[in-house]
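Peer 1: sequence plus predicted model, see below.
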Amino acid sequence: MWKHATSKVLAAIAVGALTIGAAHAQSTVKIGFILPMTGQQQSTGKQISAAARLYMAQNGDTVAGKKIELIVKDDGAVPDNTKRLAQELIVNDKVSFIAGFGVTPAALSVAPLATEAKVPAIVTAAGTSIITERSPYFARTSFTLPQSSVIIADWAAQNGIKKVVTMVSDYAPGVDAEKAFVDRFKEKGGQIVEAIRFPLANPDFAPFLQRAGDQKPDAVFVFVPSGQGAVFVKQFVERGLDKAGVRIIGPGDVTDDDLLNGMGDAVIGTVTAHMYSTDHDSAKNKAFVEAFKKANNGLRPNFMAVGGYDGMHLIYEALKKTKGDTNGDKLIAAMKGMKWESPRGPIQIDADTRDIIQNIYIRKVEKKNGELYNVEFATFEAVKDPVKAAKK
């Protein structure tokens, strides 16, 4: 009996020692960013990681008495890599947050892991509506494609665009963007003369653009992931669609701020709807752009950068609210309903869906001081994800 009691005491001491060890380990809060630092979406990884580091440089590496450690892993936008890296970060590195996810399949691959481990997963890039429904531990600081696609459909219908060819990458965000645009554009009396989808990986847009041009549309609605817009515009011009009077419209990925200057003057006049432009006229954004450029050899921040910057803000503020407690349920609860002024304008985490509520801007590519910018000329305030709003 005495021996049995001693065993119990020893077990209790061992558990106590482990608990003390864990408490000591938790004096550092680790944030694991999984990003495409190589491959087709590498500009996304470069932008988000640079923004996360800038946020830390500006706001310090200690929050609520905890030291913050940033770990960046490259998944090349390959979901199998994302899942493996998330598992390693959760099990081996004991991260309190995972974040990033350059494409939707990458984000979806970590949903069961985040749920099982109760680790908040902050979506700073991927834009398909369903993501936050796949785990109660997802929160999003990027955007959803329907937020912009519905609004550009409204704009097109009001501005003499009657016949449109849709051209989207054939994966979840492209399908999301296409459906949101088509449903609203048809509702407003517009005509879709052809719906074209092309492969996500290494697409050659030329034959698809030829098909689009043959339909003689007023505009092509295009969605390609961040980083592919420059190639699309180049081939659009080579096929002579600009000279034929066909306009490019769509969500803002196609006129990505950090690649825009390389697209040439043919892209001037392109109208897109998006939640951020480098040219956004606010004191907070001007300071953000200046600091980002200074820290990154003159690189312009794009919409991915602002998603990463706000992702770090969400993490920091959640930790402040929990007083450094890294319990996943407490952190997610702290994030719900949180609102702040971002470089993009006022934003909020929807308390019901954990998705982002934000302004969507209509922008036109213009030349200013010898450089190309997405110049905002209309604002739709506090836009929720239309897909989730329709379900209510």
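Peer 2: Good, I have the coordinates.
Peer 1: tell me which helix or strand D329 sits in.
Peer 2: Element membership for D329 (DSSP states H and E) is helix 328-335.
Peer 1: got the buried residues for the helix or strand that that helix is followed by?
Peer 2: Note on helix 328-335: by DSSP H and E, the next helix or strand toward the C-terminus is strand 339-342. Within strand 339-342, the residues that qualify as buried are S342, counting by 16 or more other C-beta atoms under 10 Å. In this view, the C-beta of every residue, glycine as well, is placed from N, C-alpha and C.
Peer 1: give me the residues contacting strand 339-342.
Peer 2: By C-beta atoms under 8 Å, 6 or more residues apart in numbering, the residues outside strand 339-342 that reach it are K284, V306, Y309, D310, H313, E317, P346, I347, Q348, I349, Q358.
Peer 1: so S142 belongs to a helix, correct?
Peer 2: No - counting by DSSP: H, G, I helix; E, B strand; the rest coil, S142 falls outside a helix, being coil.
Peer 1: tell me who's in contact with it.
Peer 2: V123, T124, A125, A126, G127, F303, M304, G307, I356.
Peer 1: which SSE is the residue lying closest to it once chain neighbours are set aside in?
Peer 2: Using C-beta to C-beta, 6 or more residues apart in numbering and skipping the chain neighbours, the partner closest in space to S142 is G307 (3.9 Å). Here G307 sits within helix 303-321, counting by DSSP H and E.
Peer 1: and that helix, what does it pack against?
Peer 2: Packing partners of helix 303-321 (3 or more C-beta pairs under 8 Å, 6 or more residues apart in numbering; DSSP states H and E): strand 28-35, helix 42-59, strand 62-63, strand 97-100, strand 121-123, helix 283-295, helix 328-335, strand 339-342.
Peer 1: gap between it and the chain center?
Peer 2: Per C-alpha atoms, centre = their mean, to the nearest Å, the displacement of helix 303-321 from the mean C-alpha position of its chain is 12 Å.
Peer 1: what is the burial count for S43?
Peer 2: By other C-beta atoms under 10 Å, 23 other residues sit near S43.
Peer 1: ignore the last one, P136
Peer 2: Residues lying near P136 (other C-beta under 10 Å) number 16.
Peer 1: please apply the same query to N297.
Peer 2: Neighbour count of N297, defined by other C-beta under 10 Å: 6.
Peer 1: can you pull the pLDDT of it?
Peer 2: In this prediction, N297 carries a pLDDT score of 97.
Peer 1: same list (the contacts of S142) but as JSON lines, adding distance to F236 and pLDDT.
Peer 2: Compiled in JSON lines, those are given as follows (distance: C-beta to C-beta, whole Å; pLDDT from 0 to 100):
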{"residue": "V123", "distance to F236": "30", "pLDDT": "98"}
{"residue": "T124", "distance to F236": "29", "pLDDT": "98"}
{"residue": "A125", "distance to F236": "24", "pLDDT": "97"}
{"residue": "A126", "distance to F236": "25", "pLDDT": "96"}
{"residue": "G127", "distance to F236": "22", "pLDDT": "95"}
{"residue": "F303", "distance to F236": "21", "pLDDT": "97"}
{"residue": "M304", "distance to F236": "22", "pLDDT": "97"}
{"residue": "G307", "distance to F236": "26", "pLDDT": "98"}
{"residue": "I356", "distance to F236": "30", "pLDDT": "98"}
